[in-house]
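>>> Here is a sequence with its predicted model. Questions after.
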Number of protein chains: 2
Amino acid sequence: MAASDFKTWMGDVQAQMESALSIFLPASTQLPERLHDAMRYSVLDGGKRVRPLLTFAAGHLVNAPAERLQAAAAAVEMIHAYSLVHDDMPAMDNDVLRRGKPTVHVAFGEATALLAGDALQAAAFDVLSERQLADSPADQLKMVHLLARAAGSLGMCGGQGIDLYSVGQALTLPELERMHILKTGALIRAAVLLGSYCGQPLSEAERHGLDHFAKCIGLAFQVVDDILDCEADSATLGKTAGKDAANNKPTYVALLGMKGAKDKAAELKQAAFDALLPFGERAQYLHALAGYIVDRKY
Amino acid sequence: MAASDFKTWMGDVQAQMESALSIFLPASTQLPERLHDAMRYSVLDGGKRVRPLLTFAAGHLVNAPAERLQAAAAAVEMIHAYSLVHDDMPAMDNDVLRRGKPTVHVAFGEATALLAGDALQAAAFDVLSERQLADSPADQLKMVHLLARAAGSLGMCGGQGIDLYSVGQALTLPELERMHILKTGALIRAAVLLGSYCGQPLSEAERHGLDHFAKCIGLAFQVVDDILDCEADSATLGKTAGKDAANNKPTYVALLGMKGAKDKAAELKQAAFDALLPFGERAQYLHALAGYIVDRKY
C-alpha cells in the first residue's frame, strides 16, 4: 500500500485509541483523583501505539468492528503501560524519563506509581470483559485467557524476571531469544491475536499463520529496540538511551554485533511478510506495520 | 450448625485450596524460578483463606462443583496475595513481617516482589478464564468483569489509594467507610459473588440479598481488623501489630472508640445474618463464617 495511505490509517487508529483510552480510563475527577491522574498520565498522550495498531491491522483481516478493536487494543495498551510504570521504578530500572516526560514515580511518587500500575492491569481485564468483543462469549473468554497468559509469569512478567536475573550474565543467543519472546513478544502476539478474535473466525491454518507472523514481529521489535538503544540519542528516543549497555544488560547488538543485529531484524521482517502471503490483500496493514516496526528510527 | 462441623468444613476447604493453589501456580522449577518461588512463597502455606471460605460457602448456596469453586477462589486469593506483597513494600507500608514470615521484598528483594505481585494478578485472571467455571461462558465473563472491577481503581486499588492519601488526615466516618468498602470490601464481595456464579443461577432478589450480606461482612471484617490491630500482639496476629496507629492511619477504633467499634462489628454481623434468612439452611456456612469473621481473635 502507499506510504501516505498507511500514514493516514495509522493516524486514524492512534486518534481513535487516544479517545477510547480516555473514555475507558476512570476520569481524573473520580476518587481517588491522584491515582486516576497517574493512570491517565501514564497511558494518554504518548507512545506510538504499536500494539493497538497491530490489533487493528489484525482486525482488518476479519472485518472486525472498530468498537471491539478499540476495547481489545485498549486492554493490551493498559497492560503495556502498567509494565512501563513498574519497570521504570527505582526497584527495577530506576528510570526518570519516558516518552519525553518524567516517569510516573518521579511525577507522582513511588506509592502512587505502584498502585497506578496495579490498577491499570485490573483495568485491562475490566475493559476486556465489560462489553461484547467477540461473536461468542466463549471466544471472548479465550481473549481474556490469552491476555492473562501473555501478561503473567509465563509471558511478559516472566521475561522481565529473566531479564532481571540475567543482568551482568553472559546469555547465549537462545537464552536471549527466550527472554525477549516472553518480555515483549508475548504481549505483541496477544495484540495481534486479540484483534483476530474480534471478527469473523479464522481457520486453524490461518490462525497458525497469523501467530507465526506475530512471533516474528515481536522478536523483530525487540531486536530493533536494542539497535535503537545503541544508536539513537535520548531526545529522539524520548527515553534514556544507552541504558541497556550501561546496565550491563545482554542485547542483540552485544551478542551479534550491530551488523548481525540488523541482519537478524531484516530476516525476521521477511519471515513475517512470508507468513502473511496466504491472506493476500486483507493483510495490507499488517504488512505495512511489519515494515514500519523494523524500519523505524525511534 | 455445630462448631465442630464448621471447623471440619473450614479445614477441608483450606486443604483443598492449598492443593489447588499449588497446582494453579507455576512450579518453582519453571523459568524464571526465582519469580515463581516468590509467587508460591506469598500465596502458599499461610493465611486463613477467608475469601476462599466465602467463595465455597456461597457456592454451597447454589450446589456449585468443588473444582469450579477452587478455581474461582484461587483467583480471588491470588489478587489478595498480590495486594499484600505490594502493600508491604517500602514504597507503601514498608512492613517486614506477614503471616509470621519475612515479607516477600525482604525475602526476595524489591524487584522480585514487584514482579511477583504483578504476575499474581495476571495469574488470577488466567485461572478465572482457563476452564469452565459457570454454566454459561457469558456468566463466566461476568465473573471476570466482577473480579477486575473489584481489584482495580474503583475497588481495592482505589481503596488503597484513598488510604494512602488520607494518612495523617482526619477522616469522617462516611469517608472511612467508603475507603474500606473499596479497600477490603470489594474483594470480599467478589469472593462471595464469584462463588454464587459457579452453580445454579440465583434469582435477582437472591443475588441482591447475597450482595447485601457480602457488603456487611466486608465492612465487619475491616472493623474487626482495626480492633485486632489495637488489641492483639504481633505474635498472635502474625504481622506487625499497632502499625495503623503508629502510621497515624484513620481507623474505626480511632473514630468510634473501642466500644463503638465493637458495637459496630456486632451490628454488621446481625445485618449479615438477617440478609441470609431467605436462604434458610443452604446458607449455613455463610452464617457460620460471618460469626467466625466477626468473633475471630487474629
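Yep, that arrived.
>>> would you list every one of the helices in the stretch 1-150 of chain A?
A:3-24, A:33-43, A:50-61, A:66-87, A:104-108, A:110-130, A:137-151 (DSSP state H, counting those that start in this stretch).
>>> List the buried residues for the first one?
Across helix A:3-24, burial judged by 16 or more other C-beta atoms under 10 Å in any protein chain shown covers A:Phe6, A:Trp9, A:Met10, A:Val13, A:Gln14, A:Gln16, A:Met17, A:Glu18, A:Ala20, A:Leu21, A:Phe24. Glycine gets a C-beta too; all of them are placed from N, C-alpha and C.
>>> For the third one, which residues are in contact?
When contacts are counted by C-beta atoms under 8 Å, 6 or more residues apart in numbering or on different chains, A:Met10 is found next to A:Leu53, A:Tyr292.
>>> Distance of it relative to A:Leu53?
Using C-beta to C-beta, to the nearest Å, we find A:Met10 at a distance of 6 Å from A:Leu53.
>>> Can you pull out the low-pLDDT segments for chain A?
Using pLDDT under 70 as the threshold, the predicted model of chain A has low-confidence ranges A:233-248.
>>> on that earlier part again, tabulate the buried residues of helix A:3-24 (TSV), appending distance to A:Glu175.
Rendered in TSV, the data for those read as follows (distance: C-beta to C-beta, whole Å):
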residue	distance to A:Glu175
A:Phe6	35
A:Trp9	37
A:Met10	34
A:Val13	35
A:Gln14	35
A:Gln16	39
A:Met17	34
A:Glu18	38
A:Ala20	38
A:Leu21	35
A:Phe24	37
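>>> returning to that earlier point: indicate which one of the helices of the stretch 1-150 of chain A is closest to B:Val104.
helix A:110-130 (13.4 Å; C-beta to C-beta).
>>> if we can go back for a sec, pick the one among the buried residues of helix A:3-24 closest to B:Asp126.
When the buried residues of helix A:3-24 are ranked by distance to B:Asp126 (C-beta to C-beta), A:Phe24 comes first, at 21.7 Å.
>>> residues from the stretch 151-298 of chain A in reach of chain B?
Taking C-beta under 8 Å from any C-beta of the partner chain as the criterion, the stretch 151-298 of chain A approaches chain B at residues A:151-155, A:157-158, A:160-162, A:164-165, A:178.
>>> ok, which pair from these is furthest apart?
Based on C-beta to C-beta, the longest span within these runs between A:Ala151 and A:Tyr165 and measures 19.0 Å.
>>> the more surrounded of the two?
Between A:Ala151 and A:Tyr165, A:Ala151 has the larger neighbour count (other C-beta atoms under 10 Å in any protein chain shown), namely 32 against 17.
>>> does the more buried one really touch A:Ala122, like I thought?
No. Checked against C-beta atoms under 8 Å, the pair A:Ala151 and A:Ala122 is beyond contact range at 11.4 Å.
>>> How about the contacts made by the nearest residue to A:Gly109 once chain neighbours are set aside?
Ranked by C-beta to C-beta, 6 or more residues apart in numbering or on different chains and with sequence neighbours excluded, the top spatial neighbour of A:Gly109 is B:Ala91, at 7.9 Å. Listed by C-beta under 8 Å, 6+ apart, the contact set of B:Ala91 reads A:Met89, A:Gly109, A:Glu110, A:Ala111, A:Ala113, A:Leu114.
>>> Quick check: closest non-adjacent residue to A:Ala288.
Spatially, and ignoring its direct neighbours in sequence, A:Ala288 is nearest to A:Phe6 (4.4 Å; C-beta to C-beta, 6+ apart).
>>> Against A:Leu141, how distant is the one you found?
The value you get for A:Phe6 to A:Leu141, if C-beta to C-beta is used, is 33 Å.
>>> Also A:Arg40?
Using C-beta to C-beta, one obtains 29 Å as the distance from A:Arg40 to A:Leu141.
>>> which of the two has more neighbours?
Between A:Arg40 and A:Leu141, counted using other C-beta under 10 Å, the more crowded position is A:Leu141 (26 against 17).
>>> In contact with that one, which residues?
B:Ser129, B:Pro137, B:Gln140, B:Leu141, B:Val144.
>>> what's the answer for A:Phe273, then?
Here A:Phe273 is in contact with A:His287, A:Ala290 (criterion: C-beta under 8 Å, 6+ apart).
>>> For it, what is the enclosing helix or strand?
If you go by DSSP states H and E, A:Phe273 is part of helix A:252-276.
>>> For A:Asp225, which non-adjacent residue is closest in space?
If the residues on either side of it in the chain are set aside, A:Asp225 comes closest to A:Thr184, at 7.5 Å by C-beta to C-beta, 6+ apart.
>>> thinking the one you found is in contact with A:Gln222, fair?
Yes. With contacts defined as C-beta under 8 Å, A:Thr184 counts as touching A:Gln222 at a distance of 4.8 Å.
>>> Report the buried members of the contacts of B:Ala91.
The buried subset of the contacts of B:Ala91 - by 16+ other C-beta under 10 Å - is A:Met89, A:Glu110, A:Ala111, A:Ala113, A:Leu114.
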